[in-house]
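> Structure for this input, please:
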Amino acid sequence: MHLRAVTTVVAHDGPLIAFADPAHPLVALRRGDGIVGIGEVWRGEFRGASRFADAAHTWRALADAAEVADPVHRAGSGLVAFGSFAFADDSGAASVLVVPETIVGRRDGVAWVTRISVTGTGEQSADAKHELGADHLPAETPIGERPRATLAAATLSRDDFVSTVGRAVERIRAGDVEKVVIARDATASIPADADRRAIVTELAEAYPDTLAFAVDGLIGASPETLVSVHAREASARVLAGSTARGADAAEDAAAATQLATSQKDLDEHEFAVQSVLRALRPHVTAVTASEAPFTLKLPNLWHLATDVELELAEDSSGLDLVAALHPTAAVAGSPTDAALALIAELEPFDRGRYAGPVGWIDQDGDGEWVIALRCARIDDDGMLVAHAGAGIVIDSDPVAELAETRMKFRPIADALR
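Purely as a prediction, here's the structure:
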């Protein structure tokens with residue numbers, strides 16, 4: 001398949017999400033800037049242990065054959081695919097790359113429209129249809145009313161989760177793993193014709209420093225950047241270890257201090273950082289990380305965070321780094337293989353694309369990928385499934401870990417209230 005992508009500067013300073021399809025939004029926004037896709041000109045689905053390698057190979061071939069006219073040269077301009085990948089190798093959920101027919105984007109005060117079409121088909125291409133108005137914006141539609149629903153425990157009840165965490169701690173004490181992330185699921189039902197953009201908008205406004213995303217029915221606002229790549233330079237932020245915000249300023253400061261000095265959380269964080277560094281070294285020429293984690297404040301909790309800066313090797317792309325990084329210790333555990341085996345044994349459900357990479361990639365291999373957290377999958381019939389997990393180490397308290405999952409469900413739960 002040969003694609004043609006033509007990017008043109010436009011004048012627009014309003015909300016980009018108004019351009020998205022209410023039923024099938026394609027969105028990657030942070031503080032109002034980013035990209036929104038409309039329609040679908042190409043779609044790739046990938047499964048199994050080779051899903052990342054297959055996607056990277058397919059995308060390289062597609063991008064190499066494409067004709068791209070991009071005078072804008074901003075992150076997200078030119079030929080772009082939105083992507084979302086399953087957490088587990090044996091997941092029943094397909095991993096996807098989606099190239100939209102139209103992209104509306106904005107960075108640093110510059111807005112653009114990209115029209116993407118298939119060439120050589122003998123049909124009138126999308127950019128030919130819009131040739132006279134290639135610099136015109138597509139139609140906006142008002143955001144509909146936000147659907148209301150209540151999350152309810154699904155496969156694992158609260159008691160079941162506490163019991164499962166207890167079994168995980170036993171396995172850690174037996175030396176099977178050092179850390180394992182155990183998740184639980186929750187469900188709700190919204191009207192099938194509800195405007196999914198309203199949920200994305202609520203998440204984006206409540207959590208402005210996260211990447212608000214919507215890709216193939218997966219909607220969320222993730223605080224954890226897996227990797228961001230631009231002009232062969234990459235950055236990643238590792239989050240592991242968390243605690244609830246305080247009720248007032250004094251309690252909040254005390255909570256942050258307690259997190260920063262908690263050996264349990266520091267150990268959990270160090271596992272995650274070392275996992276990331278080990279995974280990245282074969283794909284970069286230089287890597288640096290802050291010496292000690294810092295406390296990152298989100299509306300509902302504090303996280304321990306470490307920033308990592310990288311210089312990519314010439315033959316590496318954003319998807320190669322995604323493949324190397326997934327799954328991090330922050331969403332799986334350590335050692336990785338043992339943690340994944342224990343997750344498969346203890347969690348009685350398929351995580352699907354929860355805790356998998358979600359983001360976008362352009363024709364040069366640049367892009368932004370986050371871990372699909374604080375998110376929910378919404379099926380065409382309105383069934384919504386959310387997940388939240390907790391990092392379990394040797395001194396974890398199962399009841400406290402249950403409370404942590406409640407905190408992590410809050411973004412989706414609040415968006416539906």
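
> residue ranges with poor pLDDT in the protein?
Filtered on pLDDT under 70, the chain yields the residue ranges 120-135.

> For the stretch 1-150 of the chain, just list every one of the strands.
Using DSSP state E, counting those that start in this stretch, the strands of the stretch 1-150 of the chain run over 3-10, 26-30, 33-38, 42-46, 67-69, 80-84, 95-99, 102-107, 110-118.

> which of these sits most buried?
Highest mean neighbour count of those: strand 80-84, a mean of 28 (counted as mean count of other C-beta atoms under 10 Å). All C-beta atoms are positioned from the backbone trio N, CA, C, and that covers glycine.

> Other residues contacting that strand?
5, 26, 28, 35, 37, 42, 44, 55, 59, 95-100, 103, 114, 215-216, 218, 319, 353, 356-363, 367, 369, 372 (C-beta atoms under 8 Å, 6 or more residues apart in numbering).

> one more time with 6 Å, if that's ok
Contacts with strand 80-84, where a contact means C-beta atoms under 6 Å, 6 or more residues apart in numbering, come from 26, 37, 96-99, 103, 215-216, 218, 353, 358, 360-362.

> And for stretch 324-332?
Contacts of stretch 324-332 (C-beta under 6 Å, 6+ apart): 181, 226, 240, 271-272, 275-276, 279, 283, 339-340, 355, 357, 371.

> again with stretch 301-319
Under C-beta under 6 Å, 6+ apart, the answer for stretch 301-319 is 56, 229, 232, 234-239, 241-245, 255-256, 259, 265, 269, 273, 283-290, 293-296, 361, 365, 367, 407.

> isn't residue 381 right next to residue 191, touching?
No: checked against C-beta atoms under 6 Å, the pair residue 381 and residue 191 is beyond contact range at 9.8 Å.

> Next, the angle strand 80-84 makes with the helix or strand where residue 324 lies.
Secondary structure assignment for residue 324, by DSSP states H and E: helix 318-325. Angle of helix 318-325 versus strand 80-84, following axes from the mean of the first three to the mean of the last three C-alpha atoms, to 10 degrees, is 20 degrees.

> got the buried residues for helix 318-325?
318-325 (16 or more other C-beta atoms under 10 Å).

> Show me how far it is from its chain's centre.
Mean C-alpha position of helix 318-325 versus that of the full chain (C-alpha atoms, centre = their mean, to the nearest Å) differs by 13 Å.

> got the angle between that helix and strand 95-99?
Using the same axes, to 10 degrees: helix 318-325 against strand 95-99 is 160 degrees.

> Output helix 318-325 as CSV, restricted to C-alpha atoms.
Output of helix 318-325 as CSV, limited to C-alpha atoms (Å, rounded to 0.1, in the frame of the first residue of the first chain):
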residue,chain,number,x,y,z
GLY,A,318,10.1,4.7,18.8
LEU,A,319,8.4,1.3,18.3
ASP,A,320,11.7,-0.5,18.9
LEU,A,321,12.0,1.3,22.2
VAL,A,322,8.4,0.4,23.0
ALA,A,323,9.1,-3.2,22.3
ALA,A,324,12.3,-3.1,24.5
LEU,A,325,10.6,-1.4,27.4
